[in-house]
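Asks: Just need the structure, nothing else, for what follows:
(one chain, ligands or ions: 1)
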Amino acid sequence: MSLKQKDLVSIASLSTDEIMMILETAESFKEVSGREIKKVPALRGKTVVNFFFEPSTRTRTSFELAAKRLSADVINFSPSSSSVVKGETLLDTARNIEAMQADIIVLRHPAAGAAETLARGVKSSVINAGDGWHEHPTQALLDLFTMREKKLDFKGLRVAIVGDLAHSRVARSNIYALTKLGTEVRAVGPPTMIPAYLDRLGVRVSYNLDEALRGVDVIMMLRLQLERQGRALFPTIREYSRLYGLTAERLRLAEPGALVMHPGPINRGVEIAPEVADSFSSVILDQVANGVAVRMGVLYLLSGGN
Ligand code: CP
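Replies: Reported below is the predicted structural model:
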């Protein structure tokens, strides 16, 4: 088993069979993290370079753990202490790293399209760990993995994605993935945070959270991406929270047993009430745990699956 493509830059470029193959491979790796010795030799002799131009807690750590649990050598390249600060370009930097025999480069970058540009410029495999507002494919894959683990069937499932969809690479990757798999996706947020093209992707748009939550099986909350918003898209955070924050009372509008998801980092008391984030409905930390298994699956499949 392997992926036909050299890189994983987007969910849009994956077929449903490839998505399911990644989820099944991740499932086979999940138990490794529960072992006393959390290691298998699948990527022995391979080198994985984490190349993060933006802050990250979950994605960078879980790629490192995933690579180490597969026995790969891992380098965490820090742009701020590298020759990038002297003006070396992304591509030149990556080609120099590649010259030291890096097999896989995991890239997070603030520019949409950076991962695609890098993938075309190097022979190493490139994994997109988030490029601007464009895509975050491994986040969507771990979200799917978590839904599947909770025995949810993608066909006929109803998922509400709530918040700043305009700036969310997580939302975009999830919309591509879920619509491919036959899931009903509802996008909810203020009009300034809902891009106009979403209805062309088969997404139901709503500006009223209470209305949109009725009957959903999964609620995916998003963080306000203030760092990507060039201007204020909402009068005040308090107002935003009142209209679009997920409270325990609102959660009761969804199907009984509905899952609450969030890619993190969460802003407690803004988009999600603390008692909801920490409730039995919340699978936020399951998502984080599953990120390691999913990234093990992706690293393994891009390395040829041997
Ligand atoms: N979900 C996510 O991408 O989190 P980090 O920014 O911490 O990696």
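Asks: does the ligand sit close to the top helix by length along the chain?
Replies: Scanning the chain for the longest helix, with DSSP state H as the assignment, gives helix 284-302. No: against the ligand, helix 284-302 shows no contacts by Cβ under 6 Å from any ligand atom, the least distance being 7.9 Å. Every residue, glycine included, has its C-beta placed from N, CA and C.
Asks: now swap in stretch 141-150 and tell me
Replies: No: applying Cβ under 6 Å from any ligand atom, one finds stretch 141-150 out of contact with the ligand, separated by at least 8.7 Å.
Asks: Can you pull out the residues in contact with that stretch?
Replies: When contacts are defined by Cβ atoms under 8 Å, 6 or more residues apart in numbering, stretch 141-150 is touched by residues 11, 19, 22-23, 26-27, 154, 157, 170, 174, 177-178, 181, 218, 220, 259, 261, 263, 283, 286-287, 290-291, 293-295, 298.
Asks: Spell out the residue ranges of the strands in the stretch 151-300 of the chain.
Replies: All strands of the stretch 151-300 of the chain, identified by DSSP state E, counting those that start in this stretch, fall at 158-162, 184-188, 204-206, 218-221, 259-261.
Asks: now the stretch 1-150 of the chain
Replies: Assigned by DSSP E, counting those that start in this stretch, the strands in the stretch 1-150 of the chain fall at 47-52, 73-77, 104-109, 125-131.
Asks: In CSV: these, plus distance to the ligand, mean pLDDT and mean neighbour count.
Replies: Below are the strands of the stretch 1-150 of the chain laid out as CSV (distance: least, Cβ to the nearest ligand atom, whole Å; pLDDT from 0 to 100; neighbours: other Cβ atoms under 10 Å):
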stretch, distance to the ligand, mean pLDDT, mean neighbour count
strand 47-52, 9, 97, 23
strand 73-77, 13, 96, 17
strand 104-109, 7, 98, 25
strand 125-131, 6, 98, 26
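Asks: how about those in TSV, adding distance to residue 141?
Replies: Converted to TSV, these look like this (distance: least, Cβ to Cβ, whole Å):
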stretch	distance to residue 141
strand 47-52	17
strand 73-77	20
strand 104-109	14
strand 125-131	11
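Asks: Run through this structure and note the low-pLDDT ranges.
Replies: Scanning the chain for pLDDT under 70 picks out 226-231, 306.
Asks: What's the separation between the spatially most central residue of it and residue 170?
Replies: Geometric centre of the chain, nearest residue: residue 139, 1.7 Å, by Cα atoms, centre = their mean. Distance, residue 139 to residue 170, by Cβ to Cβ, to the nearest Å: 5 Å.
Asks: residues in contact with the closest residue to residue 38 other than its chain neighbours?
Replies: Spatially, and ignoring its direct neighbours in sequence, residue 38 is nearest to residue 69 (5.2 Å; Cβ to Cβ, 6 or more residues apart in numbering). Contacts for residue 69 (Cβ under 8 Å, 6+ apart) come out as 29, 32-33, 38-40, 292, 296.
Asks: From these, list the buried ones, please.
Replies: Taking 16 or more other Cβ atoms under 10 Å as the criterion, what is buried in the contacts of residue 69 is 29, 32, 292, 296.
Asks: of the residues you listed, closest to the ligand?
Replies: Within the buried ones among the contacts of residue 69, proximity to the ligand (Cβ to the nearest ligand atom) peaks at residue 292, which comes in at 12.6 Å.
Asks: Settle this for me: that closest one is touching residue 34, isn't it.
Replies: No: look at residue 292 against residue 34 with Cβ atoms under 8 Å: they stay out of range, at 10.8 Å.
Asks: Once you drop chain neighbours, what's closest to residue 282?
Replies: Distance criterion Cβ to Cβ, 6+ apart; nearest residue to residue 282, sequence neighbours excluded, is residue 260 at 4.6 Å.
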